[in-house]
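S.K.: just coords:
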Ligand SMILES: [Zn+2]
Ligand SMILES: [Zn+2]
């Protein structure tokens with residue numbers, strides 16, 4: 001048995017060929033944990049060989065549309081197939097506040113469809129099982145099963161409230177998923193000695209002059225600068241850094257190399273993966 005980490009989407013709100021919206025899948029034996037569900041997540045999970053009925057739980061980092069726009073698709077897709085698989089509703093874990101409010105309302109626009117399907121085939125409504133948790137600056141365990149546990153900690157994506165990073169512990173090691181955040185002490189502490197750190201990446205320092213005075217300057221200000229991220233990964237002694245949520249999305253190998261070079265400039269000399277959809281790292 002191994003633990004695998006698969007990028008189900010490396011994109012951002014601006015569409016880019018081949019890049020689904022943000023998401024990470026961590027598998028350990030029969031445990032399959034999905035983190036965020038951006039655009040196209042259902043397709044990427046299918047391509048990764050994971051049926052919606054096989055998901056153990058789904059965790060949301062924050063409510064920016066690019067991270068949750070695929071969530072109704074995951075929930076309804078599982079529900080529609082449940083007369084075959086009988087696995088029941090999906091388990092969703094979300095920070096209290098905006099994420100839980102979003103999840104409570106996200107199926108409202110589908111009320112007519114849900115009613116029609118229940119008259120026809122489905123025996124019960126979709127009703128995902130919502131588990132909410134308070135997020136603070138100290139990491140705390142929010143889920144565990146079969147030797148796998150998940151911790152959450154608040155991150156810095158202001159002005160977005162209720163944004164978290166997650167750490168997954170398995171018998172093979174630890175995987176940290178940053179969600180969206182500036183480079184921050186909370187993720188650095190969470191990542192200490194991590195086997196894999198999946199971190200969002202923005203070439204803010206390199207493109208500082210090019211975006212000055214444009215709306216991108218504000219966008220870049222609440223994301224993780226790749227040079228500073230290299231410093232974080234070095235200090236935390238991360239064993240493998242996987243970059244995702246790439247801003248701006250590279251469209252060739254030279255563009256990808258720029259991300260890796262920024263991380264080197266920041267001082268990290270371990271393995272760096274500039275993410276593409278469905279890239280997978282293995283532990284154990
Ligand atoms: Zn995002
Ligand atoms: Zn965001």
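M.R.: Perfect, I can see it now. Computed from a predicted model, the values in this text were never measured in an experiment. Ligands and ions are numbered 1, 2, ... in the order given.
S.K.: got the residues of the stretch 51-200 of the chain near ligand 1?
M.R.: Residues of the stretch 51-200 of the chain lying close to ligand 1 by C-beta under 5 Å from the ion are 64, 66, 180. Using the backbone N, CA and C atoms, a C-beta is placed for each residue, glycine as well.
S.K.: and those residues as a markdown table, adding secondary structure, distance to ligand 2 and neighbour count?
M.R.: Compiled in a markdown table, those are given as follows (DSSP: H, G, I helix; E, B strand; the rest coil; distance: C-beta to the ion, whole Å; neighbours: other C-beta atoms under 10 Å):
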| residue | secondary structure | distance to ligand 2 | neighbour count |
| --- | --- | --- | --- |
| 64 | coil | 3 | 21 |
| 66 | helix | 7 | 18 |
| 180 | coil | 3 | 24 |
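S.K.: Now do the SS call for residue 33.
M.R.: Under DSSP: H, G, I helix; E, B strand; the rest coil, residue 33 falls in the strand class.
S.K.: With the flanking residues excluded, which residue is spatially nearest to it?
M.R.: Excluding the flanking residues, the one nearest residue 33 by C-beta to C-beta, 6 or more residues apart in numbering is residue 26, at 4.8 Å.
S.K.: Show the pLDDT at the one you found.
M.R.: Turning to residue 26, the model gives it a pLDDT of 98.
S.K.: who's in contact with it?
M.R.: 3-6, 32-33, 35, 168, 170, 175, 177 (C-beta atoms under 8 Å, 6 or more residues apart in numbering).
S.K.: From residue 37, how far out is it?
M.R.: 14 Å (C-beta to C-beta, to the nearest Å).
S.K.: re the thing from before, in a strand, that's where the residue nearest to residue 33 is, yeah?
M.R.: Yes - Residue 26 sits within a strand when classified using three-state DSSP.
S.K.: gap between it and residue 7?
M.R.: Distance from residue 26 to residue 7, by C-beta to C-beta: 11 Å.
S.K.: Now do stretch 171-187, average pLDDT.
M.R.: For stretch 171-187, the mean per-residue pLDDT is 98.
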